[in-house]
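A.B. asks: Generate a structure from the sequence data that follows.
(2 chains)
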Amino acid sequence: MAETLDLAHEDVMDVEFPDDIHYSSTGISNEKLGMWVFLASDCLLFGGLISTYLLYRNRPGSIPGLAGSPVKLSSLFDIPFTSMTSFILLMSSLTMVLAVNSIIRGDMPRTRLWLVSTAGLGALFLGGQVYEFTAFVKEGLGFTSNVSSSAFFTLTGFHGVHVAGGVIMLLALAAISARRKVQAEVVEVVGLYWHFVDIVWVLIFTIVYLIP
Amino acid sequence: MSSTIELDDDSPVHPGEHHDHGLSDRRYFNIFFALVAITALEISTYWWDDVFNADTKKIAVPTLIILMVVKFFMVALYFMHLKFDSPMLKRIFYSGMVLAIAVYAIALSAMNFWTDSGVNQFNDPPPAVTPTTLVATGG
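C.D. replies: Predicted coordinates for the structure are as follows:
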């Protein structure tokens, strides 16, 4: 038995991997697998927030025990403006895949360019969201004005926090890549997160803004 | 016994991982333009009532839902490489998605979302208890 174990140990030790590659029994790196599991669980978070919004969307006005501004959320939507920010986020998904393709080709300067472009577009989207929130508050619809506005600000606010997190990751990655070599898979994993943020916006834009 | 697994220097591939990122920049641009066209069609539904001078809600809502699902899968399959990656990743992501849809569809049903009459309450009030319902339910 001991001899068998020794042999198995020897077999494992003889396998040679590059320094920065770690073997996993699934054949998928732990980082990538972890990101996919996180994204799958994030589906539940956004599912909950979207469902809550759907329940409360048409309920402005007074509800016993809760604030009740009569302002209807959908009457304040600026569809052309939100469409523009949606295009911006969609464009950022394109620049992200271009960054992944660039690093797979080993083209670091171009990878950095696309990463910074993606972060810039993400920041532009966030700016649009801040502008929209400010306009709503000026019209008298704040976070606690009524249940409909609370559900809206929570949903879009959580999405905004995800975008902000993505922008920070992209800028950090661009900064790190200027100092040392970055593994292509790291860019890919950050890209997965970024595309997920885009996918969630695809749902929010249709369900919240476009469906009457 | 000695065995060596050969890996390409630039490859993000891990041993045994199926990893085939087959799309070129050009293909990604094509997918992006398709997404832009779908988004433009989605946005256009906002003005359909005015353009067609009729209530287009019954057509616009299913159209929007179909376009949303198409966009969702285009981004997931191509931009997130789900189409080319390990089937295990597909199963993980789809499991989370299906679980979320099932849980919240049940939650929305429990809160009378599908039969909502628009009253200004959390959900529709329960049916009024009358002598007839008391007899019918044995209460």
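A.B. asks: Just the buried positions in the longest helix seen in chain B, please.
C.D. replies: As assigned by DSSP state H, the longest helix anywhere in chain B is helix B:87-110. Neighbour-count burial for helix B:87-110 flags B:89, B:92, B:93, B:96, B:97, B:100, B:104, B:108 (criterion: 16 or more other CB atoms under 10 Å in any protein chain shown). In short, each C-beta sits where N, CA and C put it, glycine included.
A.B. asks: do stretch B:74-86 as well
C.D. replies: So for stretch B:74-86, counting by 16+ other CB under 10 Å, buried means B:74, B:75, B:76, B:78, B:79, B:80, B:81, B:82, B:85, B:86.
A.B. asks: first to last residue in it, what's the distance?
C.D. replies: 17 Å (CA to CA, to the nearest Å).
A.B. asks: Averaged pLDDT, stretch A:29-40. What do you get?
C.D. replies: For stretch A:29-40, mean pLDDT rounds to 93.
A.B. asks: I misspoke; the intended subject was stretch B:104-120.
C.D. replies: On average, stretch B:104-120 scores 75.
A.B. asks: Which ones among the buried residues of helix B:87-110 also lie next to chain A?
C.D. replies: Residues of these in contact with chain A (CB under 8 Å from any CB of the partner chain): B:89, B:92, B:93, B:96, B:97, B:100, B:104, B:108.
A.B. asks: of those residues, closest to chain A?
C.D. replies: Checking these against chain A by CB to the nearest CB gives residue B:96 as the nearest, at 2.6 Å.
A.B. asks: Run through the residues that contact the closest one.
C.D. replies: Contacts for residue B:96 (CB atoms under 8 Å, 6 or more residues apart in numbering or on different chains) come out as A:39, A:40, A:41, A:42, A:43, A:44.
A.B. asks: Buried ones in the helix or strand harbouring the first one, by neighbour count?
C.D. replies: Taking DSSP states H and E as the definition, one finds residue A:39 inside helix A:30-56. Within helix A:30-56, the residues that count as buried by 16+ other CB under 10 Å are A:31-33, A:35-36, A:39-40, A:42-44, A:46-56.
A.B. asks: Pull stretch B:25-38 out as PDB, backbone CA atoms only.
C.D. replies: Taking Å, rounded to 0.1, in the frame of the first residue of the first chain, the C-alpha atoms of stretch B:25-38 are listed here in PDB:
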ATOM      1  CA  ASP B  25     -12.400  40.900 -33.700                       C
ATOM      2  CA  ARG B  26     -14.400  41.200 -36.900                       C
ATOM      3  CA  ARG B  27     -16.900  38.600 -35.700                       C
ATOM      4  CA  TYR B  28     -17.200  40.500 -32.400                       C
ATOM      5  CA  PHE B  29     -18.000  43.700 -34.300                       C
ATOM      6  CA  ASN B  30     -20.700  41.900 -36.300                       C
ATOM      7  CA  ILE B  31     -22.300  40.600 -33.000                       C
ATOM      8  CA  PHE B  32     -22.100  44.100 -31.600                       C
ATOM      9  CA  PHE B  33     -23.800  45.700 -34.600                       C
ATOM     10  CA  ALA B  34     -26.500  43.000 -34.300                       C
ATOM     11  CA  LEU B  35     -27.000  43.900 -30.700                       C
ATOM     12  CA  VAL B  36     -27.200  47.600 -31.500                       C
ATOM     13  CA  ALA B  37     -29.800  46.900 -34.200                       C
ATOM     14  CA  ILE B  38     -31.900  44.900 -31.700                       C
END
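A.B. asks: Many thanks, have a good one.
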